[in-house]
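Asks: following is a predicted model, sequence given first.
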Amino acid sequence: MGLKGQQQRTLEKALGIGEAGQGSRVLYIIAFRKLFSITKLSGDEFLRAWWQVVVCHRVLWTHGVHHCDVTPSNLMVSRTTYGRVISVLNDLSLTQQDRPSGFGRAGMVPFIAMGLLTQKAKIEHLYQHDVESFIWSLTWVCLRYEDGKLLSKVGPLDKWLRTNAMGCREKKAAS
């Protein structure tokens with residue numbers, strides 16, 4: 001998660017590093033365990049991994065880190081050397097800290113909460129919106145994958161991908 005412009009300068013000044021305001025650059029290297037998509041799992045293993053990510057999300061939210069982009073592609077897992085599955089909520093690029101506000105439609109339209117799929121200009125992004133995104137993601141994976149494999153390139157939920165926010169809302173309501 002990178003900071004831009006004034007946020008970066010403010011952070012550098014507060015930490016007493018770099019020349020705040022001089023536009024210094026920092027190379028970030030992030031090392032992770034090898035992650036794979038939660039869609040590769042099935043049965044109880046999938047459900048346990050999905051629940052781990054939900055719990056992780058709740059802990060982050062209660063500590064002021066609001067993900068705001070829950071999608072199947074951001075639900076990742078890794079295996080320990082003993083074969084245990086560890087879930088990770090990946091891609092914090094749309095994360096908001098403290099109190100999310102402003103435009104509520106961030107992320108992939110098919111997984112955005114119905115309350116955010118509206119023509120209103122500004123909507124407060126609430127915890128319930130991310131929880132609903134978890135439900136849409138669970139629905140997507142359960143209907144599109146079996147035993148960790150994609151069932152078909154064309155399915156009933158694909159229409160969610162081929163429309164705008166309001167069209168997706170209508171298609172979800174009709175499903």
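Replies: Yep, that arrived.

Asks: pLDDT at residue 38, what is it?
Replies: For residue 38, the model assigns a pLDDT of 95.

Asks: beta-bridge partners for the nearest residue to it once chain neighbours are set aside, please?
Replies: Once flanking residues are discounted, residue 38 sits nearest to residue 75: 4.1 Å by C-beta to C-beta, 6 or more residues apart in numbering. From N, CA and C alone the C-beta is placed, and that goes for glycine too. Here residue 75 sits in beta bridges with residue 89, going by DSSP bridges.

Asks: what segments of the protein are strands?
Replies: Applying DSSP state E to the chain gives strands spanning 36-37, 65-66, 75-79, 85-89, 96-97, 145-146, 149-150.

Asks: the ones you listed: lowest mean pLDDT?
Replies: Among the strands of the chain, strand 96-97 scores lowest, with a mean of 65.

Asks: wait, which of the strands of the chain is closest to residue 113?
Replies: Nearest to residue 113 among these is strand 65-66 (13.2 Å), distances taken as C-beta to C-beta.

Asks: correct me, but residue 34 touches residue 78?
Replies: Yes: counting by C-beta atoms under 8 Å, residue 34 does reach residue 78; the two are 6.3 Å apart.

Asks: against residue 149, how distant is residue 107?
Replies: 25 Å (C-beta to C-beta, to the nearest Å).
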